[in-house]
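Novice: Have a look at this prediction, sequence included:
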Amino acid sequence: MENAIASLPYYKVEREVDKLSICTKVHELEMHLYMTCVRTAHKEIPIDHLFDISYRRMRGEEGLLYLHTNQGIVTLTLKVDPSGFIEAYQGIVGK
């Protein structure tokens, strides 16, 4: 396996509802950029299927990272600035 060029932490919120309560779980995950793909905890996107990466800052430190692919948009929630990850991606694809 090749080494990751860049990594970016993201999180996923899972809510479980039963009759008496709502349980919220926050899963801390990590996305990795390789020369051939971007790999999240649940998906592997080939670089040639990834058209662009954009970011929209929301409240406070949080924001949404959008991976624009040939299958649609994959949205990830972040607590960190993704500019280094986006720059590494742009370096690979020559943007």
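Specialist: Good, I have the coordinates. The structure displayed is predicted, hence computed values, not measured ones.

Novice: Residue 19 looks like it's in a helix, true?
Specialist: No: when DSSP: H, G, I helix; E, B strand; the rest coil is applied, residue 19 is found to be coil, with no helix at that position.

Novice: and residue 86, backbone torsions?
Specialist: The phi and psi values for residue 86, taken as degrees, to the nearest 10, are phi -60, psi -40.

Novice: who are the neighbours in contact with it?
Specialist: Remark: with contacts taken as C-beta atoms under 8 Å, 6 or more residues apart in numbering, residue 86 is in contact with 53, 55. The way it works is simple: take the backbone N, C-alpha and C, and place the C-beta from them, glycine included.

Novice: cool, residue 82 as well?
Specialist: Listed by C-beta under 8 Å, 6+ apart, the contact partners of residue 82 are 8, 53, 55, 63, 65.

Novice: all strands of this structure, in order?
Specialist: Secondary structure of the chain (DSSP state E): strands located at 6-17, 22-33, 37-39, 44-46, 50-57, 63-69, 72-78.

Novice: could you dump the ones you listed to CSV with mean pLDDT?
Specialist: As requested, those are arranged in CSV below (pLDDT from 0 to 100):
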stretch, mean pLDDT
strand 6-17, 93
strand 22-33, 94
strand 37-39, 96
strand 44-46, 96
strand 50-57, 95
strand 63-69, 96
strand 72-78, 95
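
Novice: Determine which of these approaches residue 85 most closely.
Specialist: Set against residue 85 and scored by C-beta to C-beta, these come closest in strand 6-17, at 4.4 Å.
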